[in-house]
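Colleague: Fold the following.
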Amino acid sequence: YLAQLDQNGYRFDHAYAQFSGYHTDNSPPAVITSQLIRRWNEIYASPKLRLATAHEFFQWVEEEKGAELPVLRVAWPDWWTDGFGSAARETAASRTTHVSLQTSETALALAAWLGTPVTAQARERWQYAQEQLLFYDEHTFGAAESVGDPQAENTRVQWNQKSAYVWDAAKLAAMLRDEALAALRENLPVADVPTIAVYNTLNWERSGLIELYIDHEIIAQNSARRIIDAATGREIPAQRLRTRTEGSFWLLWVDKVPALGYKILRIGETQKTVPPRAIGAHLLENGFYRLETDPATGDILHLFDKELKIELVDPNAKWKIGQLFHEQLNDAQRQFKTEAFTRTPAQNVRLLESAGGPIWQAVQFSGDLAGCNSAQWEYRLFETTKRIDLHFTLRKQAVIDPEAIYVAFPFQFDGGKFIYEAQGGLVTPGENQVPRSASDWQTVQNFISLRNKTGQVVLGSNEIPLVQFGDLNLGKWQEKVLIAQPHVYSWVMNNYWFTNFSATQEGELHWSYYLTSTRETGNRATVQFGWGSRIPLMAQVIPAGKSEMETRPVASWLNWPAANIILVAARPSPDGKGILCHLREVAGIATKIELIEISSVKKIDHMDETNVLGEVLQKNLQTVRFAPFEVKFIRILAQ
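Modeller: From the prediction side, this is the model:
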């Protein structure tokens with residue numbers, strides 16, 4: 001080991017040798033080394049030996065050699081994230097729960113800012129839910145024998161323990177959301193008709209889609225009611241999504257909800273139901289796109305952007321946009337080799353329906369996919385904004401043989417370059433990432449941007465984080481990311497790793513993607529579409545009643561003018577004095593926020609810069625300055 005360090009040019013006189021009690025990973029410690037050191041010290045006067053603790057080497061490096069070390073401000077994509085695909089349903093639940101906690105936390109902060117105290121129970125519930133997500137998101141997903149003996153008691157027990165973390169977090173997040181909505185509702189009046197309060201927890205005005213459950217007592221099952229924007233008096237687009245005995249789930253499109261604010265909708269009188277507008281069987285078209293599907297395969301043959309005047313589907317690609325396919329690894333040792341895979345698209349594809357509504361036109365397919373009992377997918381072309389959604393549903397069989405499922409996005413975009421959002425920042429694959437970090441696959445937070453000098457395509461998923469850029473890359477083990485063509489392959493699920501991850505996945509899984517294209521080439525448009533699509537507007541129904549409180553039908557409670565400074569999250573500060581804002585600069589521009597420029601329903605006393613724990617670093621700031629892409633935590637206190 002020491003000789004190898006010399007050969008590699010190691011120049012320090014301290015070295016770090018970590019070992020465990022047994023020659024494998026995840027090993028418990030052993031005392032044999034301690035016993036050896038004790039015997040040595042009993043026999044020899046010099047040198048005296050001592051077993052170092054884990055932090056000592058790094059402390060020495062920091063204190064003695066820190067100035068000599070190179071500083072890399074880059075991403076470190078992890079090779080082990082392929083394991084998230086071994087539990088697609090739980091991974092989807094983790095991602096949606098993270099978003100739910102993010103919105104509820106900010107909603108509670110806004111309620112606190114308005115004067116509604118946040119209970120100790122709510123703080124504890126949020127903290128515990130975050131801890132549960134941390135335990136779920138940690139690398140190892142199961143027992144050593146999880147693939148070799150998937151029905152063993154140890155395998156089942158460990159997986160049940162592991163998966164329980166995410167479902168506990170999901171339950172807590174649902175409760176916290178109800179608490180947050182109740183806290184915000186205290187600051188709004190009731191009206192003489194039922195109303196819907198829509199809240200925006202992001203710091204820019206946005207329009208968006210909300211899914212909302214409404215009791216049949218409010219809107220009867222066989223009737224339609226006009227839903228009116230109280231600020232403009234205009235009817236908003238609404239579609240009934242699905243119905244239960246006691247109520248229905250509705251989709252509403254709401255325009256221009258203010259930053260960190262709200263908008264009120266009024267549920268008006270009954271109107272005549274308008275039947276869905278029929279569309280050509282395999283063609284969807286509006287003022288933004290012309291989308292043509294192949295009835296035989298169910299994929300998108302052509303996607304023409306009318307604004308950019310370009311075709312977005314690569315005509316020479318083997319797979320088409322939206323194409324669902326199954327992959328089988330033909331290697332007994334589960335070794336990734338480029339020639340070891342067999343890939344099969346959906347078979348016996350059937351066109352199920354094609355209809356239009358006030359929010360979107362849709363075309364739906366079903367088909368047979370290897371390893372599945374059924375597969376369905378739907379393309380939604382929005383009428384209200386320049387956006388396409390793709391929705392997929394599988395009924396998965398429990399298959400132990402190594403396999404994976406993908407959805408293809410082979411774009412045609414001349415000179416396009418990929419940028420994606422990782423944890424806390426943006427990554428250009430192969431450029432601003434640690435050398436030899438994950439190259440064959442990447443893990444995406446809210447969006448991918450395919451960008452050239454004239455525009456960009458933006459793609460994201462609520463549930464599925466794993467992608468492969470440029471090609472199907474398994475088995476390449478690239479030293480550096482090499483992207484030959486502007487293709488993205490969403491890696492939905494797999495069971496490839498031979499230990500510590502689930503051997504099979506079964507049952508129903510839903511997932512979706514959001515997609516747009518634009519002339520804008522900067523980060524701000526990308527961030528706002530990606531975040532705005534994944535982080536929903538919050539909404540609640542308020543029954544009719546009487547109230548002496550007066551309020552405007554639309555308002556922003558708090559905001560600042562710098563559009564390139566996004567609010568990642570806000571929370572009531574731990575000491576109860578103000579709110580703590582997690583802010584990030586996204587455009588690569590040095591920026592400042594002046595206290596006097598912040599708009600607020602309450603007069604602001606001052607700002608403090610803190611660390612992530614809320615501990616004050618600088619007090620009484622009148623100006624907060626951001627370097628390009630810098631992250632800061634700012635506490636805002638009211639008078």
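Colleague: make it CA atoms for all contacts and neighbour counts henceforth
Modeller: Will do.
Colleague: so where's the stretch 501-639 of the chain shaky on pLDDT?
Modeller: Across the stretch 501-639 of the chain, the ranges flagged by pLDDT under 70 are 548.
Colleague: so where do the helices sit in it?
Modeller: All helices of the stretch 501-639 of the chain, identified by DSSP state H, counting those that start in this stretch, fall at 523-534.
Colleague: Then the chain?
Modeller: 2-7, 32-43, 54-60, 88-114, 120-137, 153-185, 523-534 (DSSP state H).
Colleague: of those helices, which approaches residue 256 most closely?
Modeller: Nearest of these to residue 256, taken as C-alpha to C-alpha: helix 523-534 at 12.2 Å.
Colleague: what's the closest one packed up against?
Modeller: strand 206-215, strand 456-461 (3 or more C-alpha pairs under 8 Å, 6 or more residues apart in numbering; DSSP states H and E).
Colleague: Just give me how far it sits from the chain centre.
Modeller: Relative to the centre of its chain, helix 523-534 is centred 12 Å away, using C-alpha atoms, centre = their mean, to the nearest Å.
Colleague: Repeat that for stretch 104-111.
Modeller: For stretch 104-111, the distance to the chain centre is 19 Å (C-alpha atoms, centre = their mean).
Colleague: buried stuff in it?
Modeller: Across stretch 104-111, burial judged by 16 or more other C-alpha atoms under 10 Å covers 104-111.
Colleague: With pLDDT and distance to residue 600 added, can I get the residues you listed in a markdown table?
Modeller: A markdown table is the format used below for these (pLDDT from 0 to 100; distance: C-alpha to C-alpha, whole Å):
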| residue | pLDDT | distance to residue 600 |
| --- | --- | --- |
| 104 | 98 | 20 |
| 105 | 97 | 19 |
| 106 | 98 | 15 |
| 107 | 98 | 15 |
| 108 | 97 | 16 |
| 109 | 97 | 13 |
| 110 | 97 | 11 |
| 111 | 96 | 13 |
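Colleague: Of all the helices and strands packed on helix 523-534, which one is nearest residue 141?
Modeller: Residue 141 lies closest, by C-alpha to C-alpha, to one member of the helices and strands packed on helix 523-534: strand 456-461, at 22.2 Å.
Colleague: Pull up the pairing partners for the closest one, direction included.
Modeller: Neighbouring strands of strand 456-461 in its sheet, by DSSP bridges, are strand 448-451 (antiparallel), strand 507-518 (antiparallel).
Colleague: which stretch among those strands comes nearest residue 35?
Modeller: Residue 35 lies closest to strand 507-518 among the strands paired with strand 456-461, at 52.5 Å (C-alpha to C-alpha).
Colleague: tell me which residues in the closest one are buried?
Modeller: Using 16+ other C-alpha under 10 Å as the burial criterion, the residues of strand 507-518 that qualify are 509, 511-518.
Colleague: same thing with stretch 590-610?
Modeller: If you call a residue buried by 16+ other C-alpha under 10 Å, then stretch 590-610 has these buried ones: 591, 593-595, 600, 604, 606-610.
Colleague: Ends of it, what's the gap?
Modeller: Distance between the two ends of stretch 590-610: 20 Å, counting by C-alpha to C-alpha, to the nearest Å.
Colleague: Equivalent analysis for stretch 405-415, please.
Modeller: Stretch 405-415 has an end-to-end distance of 29 Å (criterion: C-alpha to C-alpha).
Colleague: got a list of contacts for that stretch?
Modeller: Residues outside stretch 405-415 that contact it (C-alpha atoms under 8 Å, 6 or more residues apart in numbering): 311-315, 317, 319-327, 450-452, 486-494.
Colleague: mind running it again at 7 Å?
Modeller: Stretch 405-415 is contacted from outside by 311-314, 317, 319-327, 452, 486-494, using C-alpha atoms under 7 Å, 6 or more residues apart in numbering.
Colleague: returning to that earlier point: wait, which of the buried residues of stretch 590-610 is closest to residue 137?
Modeller: The shortest approach to residue 137 among the buried residues of stretch 590-610 belongs to residue 610, at 26.6 Å (C-alpha to C-alpha).
Colleague: what's the least confident helix or strand in this structure, going by average pLDDT?
Modeller: One helix or strand of the chain scores below all others by mean pLDDT, DSSP states H and E: strand 277-278, with a mean of 56.
Colleague: rewinding a little: pipe the buried residues of stretch 104-111 into a markdown table and attach distance to residue 297 per row.
Modeller: Listed next are the buried residues of stretch 104-111 as a markdown table, based on distance: C-alpha to C-alpha, whole Å:
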| residue | distance to residue 297 |
| --- | --- |
| 104 | 41 |
| 105 | 44 |
| 106 | 44 |
| 107 | 44 |
| 108 | 47 |
| 109 | 48 |
| 110 | 48 |
| 111 | 50 |
